[in-house]
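**Q** could you look at this predicted model? Sequence included:
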Amino acid sequence: MKFQISGFKVSRFWFIYFVVRLFYLLFSVLVFPTLTTFGDPIHYMTSGIPFPFTSSTDLMRFLGGILGSVLGGFNVVSNFPFMLLSFGLIKWAVDILDIRNLIDDKILLIILSLPTFCIWTSVCSKECIGLFFSAILGILIVHYLNGNFKIHFRDYVAFSLCLFFKPQYLPFIVSTLFYLRFAFGLHSRRRLIILSVFYVSAIIFVLYLSRDLIDLYSLGVQKAFEFDSQFSNSTRDTLFFVNKYDYFSKAPMGIFIAFWGPTLTEALQKPFQMAVYIESFVVLCVFIYFLKTPLKKLIVNGIVNLRLIVSYSILFLGILLVHYPFGVFNAGSATRYRTNYLFLFIILLMYLFSYYRNPKSNGRRTWLSSQLLGCIHRPLF
């Protein structure tokens with residue numbers, strides 16, 4: 001549904017979402033800093049303009065410092081461009097996927113309006129930049145899944161930002177793209193199985209060779225949070241990594257804790273943590289909603305796509321694996337850093353949902369369904 005504002009046709013859905021985003025901007029600037037620690041966005045806009053910049057923090061201080069100095073420090077006006085950027089990226093990704101023809105607008109609005117996701121991406125923050133490269137690289141992966149291997153200038157920008165802000169994500173994203181590129185041209189089931197086994201084995205082998213470095217890295221993260229615990233009462237004081245290679249042996253539990261955020265005990269002690277706890281439950285329900293149809297088709301009808309299973313497994317598990325040291329020690333850090341990859345996951349789960357759903361929606365094909373119609377009835381592999 002559309003309506004007109006001063007002669008311009010405006011989608012009602014996107015108008016409502018823009019208002020939601022505007023609300024979160026006001027909340028983030030005027031209310032949220034009084035409830036919990038919100039130092040980084042304020043620091044970026046009030047600590048001067050560094051140059052040259054050698055880290056992601058310096059880059060944020062550079063961007064935030066320019067806007068802060070011109071627009072009067074940390075306020076609604078100076079953060080408005082970041083909110084507008086997030087809104088535009090989400091709209092662009094959803095429109096490209098044409099996902100509104102497959103998902104009810106109310107459900108989609110809930111998915112896109114998750115509180116911590118909107119709070120951290122509506123202000124000057126690294127998470128806003130994380131949303132930027134997640135949206136672009138998510139669409140690039142979708143294009144690769146559809147056999148479109150053209151890389152645009154925006155993709156190179158996204159790669160560069162990902163390397164600068166979250167370099168630990170990049171090996172899994174790049175390797176997934178390489179796998180999809182090689183796998184797409186293989187019409188032999190046997191060759192695709194061999195490639196998939198080689199790809200998974202190579203990832204595991206690289207992790208095995210890097211185990212000492214990764215173990216040392218995880219201990220360094222733990223020490224950083226131990227130091228932060230002196231100044232923050234939300235940092236957990238228990239040691240998670242005690243023995244050698246605990247990073248790997250405790251990964252299943254650590255991944256879940258770091259993804260979920262606050263424990264039930266923490267949520268019962270603090271109202272704000274309870275709100276985050278509920279949000280994590282909603283995120284889990286969203287993921288289940290997207291996976292319901294694919295799992296049903298897989299279990300009942302035996303519809304299997306090896307490319308999707310392998311690429312999704314490595315990408316999702318890989319990013320969750322490198323994320324969890326940053327979230328297992330602090331509930332706030334868990335949900336904040338989760339924002340960097342959450343929209344990437346949502347984009348790919350939307351694609352998966354579209355792939356396994358009936359290609360006709362409301363009596364007509366969507367853009368994504370048209371792209372996929374030719375491969376839904378191909379051989380299972």
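**A** Received, thanks.

**Q** lowest average confidence, helix or strand, in the chain?
**A** Confidence across the helices and strands of the chain bottoms out at strand 364-365, with a mean of 36, counting by mean pLDDT, DSSP states H and E.

**Q** low pLDDT regions in the stretch 151-300 of the chain?
**A** 227-235, 237-238 (pLDDT under 70).

**Q** try 90 this time
**A** Scanning the stretch 151-300 of the chain for pLDDT under 90 picks out the ranges 184-190, 215, 217-244, 261-276, 286, 289-300.

**Q** residue ranges in the stretch 1-150 of the chain under the pLDDT threshold?
**A** The stretch 1-150 of the chain contains residues with pLDDT under 90 at 1-11, 31-41, 43, 46-58, 65, 68-69, 72-73, 96-104, 107, 146.

**Q** so residue 186 versus residue 196, what's the distance?
**A** 10 Å (Cβ to Cβ, to the nearest Å). Glycine gets a C-beta too; all of them are placed from N, C-alpha and C.

**Q** now do residue 317
**A** With distances defined as Cβ to Cβ, the gap from residue 317 to residue 196 amounts to 15 Å.

**Q** these two: who's more crowded?
**A** residue 196 (20 against 14; other Cβ atoms under 10 Å).

**Q** wouldn't that one be in contact with residue 310 here?
**A** Yes: the criterion here is Cβ atoms under 8 Å, and residue 196 meets it with residue 310 at 4.7 Å.

**Q** can you list residues touching both of those two?
**A** Residues touching both residue 196 and residue 310 comprise 179, 183, with contact defined as Cβ atoms under 8 Å, 6 or more residues apart in numbering.

**Q** contact partners for residue 71?
**A** Residues counted as contacts of residue 71 (Cβ under 8 Å, 6+ apart) are 77, 78.

**Q** now do the helices in the stretch 251-381 of the chain.
**A** Taking DSSP state H, counting those that start in this stretch to define them, one finds helices in the stretch 251-381 of the chain at 251-260, 264-269, 271-296, 306-327, 331-356, 367-376.

**Q** and residue 141, which of these is closest to it?
**A** Closest to residue 141 of the helices of the stretch 251-381 of the chain, according to Cβ to Cβ: helix 331-356, at 6.4 Å.

**Q** same question for that closest one, mean pLDDT?
**A** Along helix 331-356, the predicted local confidence has a mean pLDDT of 90.

**Q** other SSEs contacting it?
**A** Applying 3 or more Cβ pairs under 8 Å, 6 or more residues apart in numbering; DSSP states H and E, one finds that helix 331-356 contacts helix 76-97, helix 115-120, helix 126-145, helix 251-260, helix 271-296, helix 306-327, helix 367-376.

**Q** mind saving the C-alpha coords of stretch 291-307 as CSV?
**A** Included here for stretch 291-307 are C-alpha records, laid out as CSV according to Å, rounded to 0.1, in the frame of the first residue of the first chain:
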residue,chain,number,x,y,z
LEU,A,291,14.0,-22.6,8.8
LYS,A,292,10.6,-24.2,9.2
THR,A,293,9.8,-24.6,5.5
PRO,A,294,13.3,-25.7,4.4
LEU,A,295,13.4,-28.3,7.2
LYS,A,296,9.9,-29.6,6.4
LYS,A,297,10.8,-29.9,2.7
LEU,A,298,14.1,-31.6,3.6
ILE,A,299,12.5,-34.1,6.1
VAL,A,300,9.2,-34.8,4.3
ASN,A,301,10.1,-34.5,0.7
GLY,A,302,13.8,-35.1,0.8
ILE,A,303,14.7,-31.9,-1.1
VAL,A,304,18.4,-31.4,-0.6
ASN,A,305,20.7,-28.7,-2.0
LEU,A,306,24.3,-29.6,-1.1
ARG,A,307,25.5,-26.1,-2.0
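
**Q** residues touching it, excluding its own?
**A** 145, 179-180, 183-184, 192-193, 196, 349, 352-353, 355-357, 380-381.

**Q** got a PyMOL select line for the buried ones in these?
**A** Selecting in PyMOL just the buried members of the contacts of stretch 291-307, where the criterion is 16 or more other Cβ atoms under 10 Å, is done with this command:
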select buried, resi 145+179+180+183+184+192+196+349+352+353+355+356+357+381
